[in-house]
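Chemist: no FASTA, just this:
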């Protein structure tokens, strides 16, 4: 099973569980400065996949859902951001440009709704449900078409 298949199945499972139940990066502790700095490892050649545009859209949807769910829940959750981070880590392990594009898509989805909704309203709840449904459909299509 490819990492895409695994992550997309996790996304679908999470979506089902959340339906049934109802960009911020983690800070790293500062590293001790080294006296001698080694050169950065050479960047690996980017390997675009035929489903990159779909993954970018999925990351944008996940950013939107992450913002909207936290806006409307009494207890904030970090599931959507963590799932997206895992997907990005697995898909773009040594490809910084792909990683940047997917991270930017997640942040764009988050900021788009943050600029529109500041309180939980019926339209915000409806948008969250629609985006979750679109994300589930997109994930299913990616797995069906490109999964092993």
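Modeler: Received, thanks. Remember, predicted model here, so these are calculated numbers, not experimental data.

Chemist: where in the chain is pLDDT low?
Modeler: 1-46, 148 (pLDDT under 70).

Chemist: Could you pull out the helices in it for me?
Modeler: 3-21, 52-72, 79-91, 96-114, 122-146 (DSSP state H).

Chemist: Go through these and pick out the most buried.
Modeler: Neighbour counts (mean count of other C-beta atoms under 10 Å) averaged over each of those peak at helix 52-72, with a mean of 22. Every C-beta, even on glycine, is put in place using the N, C-alpha and C of the backbone.

Chemist: the inter-axis angle of it versus helix 122-146?
Modeler: 150 degrees (axes from the mean of the first three to the mean of the last three C-alpha atoms, to 10 degrees).

Chemist: Make 296 the starting number, not 1.
Modeler: Sure thing, new numbering starts at 296, so read that last one as helix 347-367.

Chemist: same for helix 347-367, what does it pack against?
Modeler: Counting contacts by 3 or more C-beta pairs under 8 Å, 6 or more residues apart in numbering; DSSP states H and E, helix 347-367 packs against helix 298-316, helix 374-386, helix 391-409, helix 417-441.

Chemist: Relative to residue 346, which of those helices is closest?
Modeler: Minimum separation from residue 346 across these (C-beta to C-beta) falls at helix 417-441, 4.9 Å.

Chemist: Output the contacting helices and strands for the closest one.
Modeler: Here helix 417-441 touches helix 298-316, helix 347-367, going by 3+ C-beta pairs under 8 Å, 6+ apart.

Chemist: separation between residue 388 and residue 381?
Modeler: Here residue 388 is placed at a distance of 12 Å from residue 381 (C-beta to C-beta, to the nearest Å).

Chemist: do the same with residue 422
Modeler: Taking C-beta to C-beta, one finds residue 422 at 24 Å from residue 381.

Chemist: Adding distance to residue 360, write the helices and strands packed on helix 347-367 out as a markdown table.
Modeler: Formatted as a markdown table, those follow (distance: least, C-beta to C-beta, whole Å):
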| stretch | distance to residue 360 |
| --- | --- |
| helix 298-316 | 9 |
| helix 374-386 | 5 |
| helix 391-409 | 8 |
| helix 417-441 | 5 |
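
Chemist: Quick one: closest of those to residue 343.
Modeler: Comparing the helices and strands packed on helix 347-367 by C-beta to C-beta, helix 391-409 comes nearest, at 7.2 Å.
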